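> A structural model of the following input is requested.
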Amino acid sequence: MNTEQLQQHCRDFSGATENLHGAPSNILVYAVGGKTFAYFKTSEPEQWRFSLRVSPDRFIELTDRPGIKPARYMGRFHWVTIVAVHKFPADYLAELLDWSYHKAAGALSKAKRIELGVLQA
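I've put the predicted structure just below:
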C-alpha cells in the first residue's frame, strides 16, 4: 500500500474529514467529528510519514518493530509513526487504521455518531 492508497482509505470512512495544516506543522490530518484518527507529515525530512493511534498493547508491540516509532509529542497517548508505509502489508495497515478510526469515533456522542453515519439509528 502506498501513501495515496492509505489517504484514500482514510477518506473512505463515514464522516471522515481531511484538513491540511500548513507551516509550521505541515501535516495532513484525518478526523471524524473533530477527533483525529490519522495524520501524515507533508514536509521534508519526514515527508509522508504516517501516524495513528493504537491500543496500549499494540503500542508496545509496534514500537519494537523496525520502521515504527512513537509519534513525536503523541507517543504518551499511544500514537505511533510508520516511517515507510510501503514496507508494510496493506491489510496490516488497514487493520491499524480501522482501530484508530473506531477509537476516535467511539469518543463522540451517540447523536454525533448517528449524524456522521458512523452508527446506525
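> same question for stretch 41-48, mean pLDDT?
Averaged across stretch 41-48, the pLDDT comes to 88.
> Pull up the distance across it, start to finish.
5 Å (Cα to Cα, to the nearest Å).
> buried sites along it?
Buried residues in stretch 41-48, counted by 16 or more other Cβ atoms under 10 Å: Lys41, Thr42, Trp48. Yep, even glycine has a C-beta here, placed from its N, CA and C like the rest.
> These in strands, which ones?
The strands, defined by DSSP state E, take in Lys41 from these.
> quick one, helices of this protein?
3-11, 56-63, 90-106, 110-116 (DSSP state H).
> what residues are up against the most centrally placed residue in the chain?
Nearest to the geometric centre of the chain sits Ala38, at 2.0 Å (Cα atoms, centre = their mean). For Ala38, the contact set (Cβ atoms under 8 Å, 6 or more residues apart in numbering) comprises Cys10, Val29, Tyr30, Phe50, Ser51, Leu52, Leu97, Ser100, Tyr101.
> Take those and, keeping just the buried ones, write it as a ChimeraX select command.
The following ChimeraX line selects those of the contacts of Ala38 that are buried, judged by 16+ other Cβ under 10 Å:
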select :10,29,30,50,51,52,97,100,101
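> ok, of the contacts of Ala38, which one's closest to Phe88?
Nearest to Phe88, judged by Cβ to Cβ, of the contacts of Ala38 is Phe50 at 9.5 Å.
> What separation do you get for the closest one and Gly75?
Noted for Phe50: a distance of 15 Å to Gly75, by Cβ to Cβ, to the nearest Å.
> do the same with Gln7
23 Å.
> So for the two, which residue has more residues nearby?
Gln7 (18 against 15; other Cβ atoms under 10 Å).
> I'd assumed Trp48 was in contact with the more buried one.
No. In this structure, Gln7 is not within contact of Trp48 by Cβ atoms under 8 Å, at 9.4 Å.
> Overlap of the contact sets of the two?
Phe40.
> For the chain, give me the ranges with low pLDDT.
Applying pLDDT under 70 to the chain flags the ranges 120-121.
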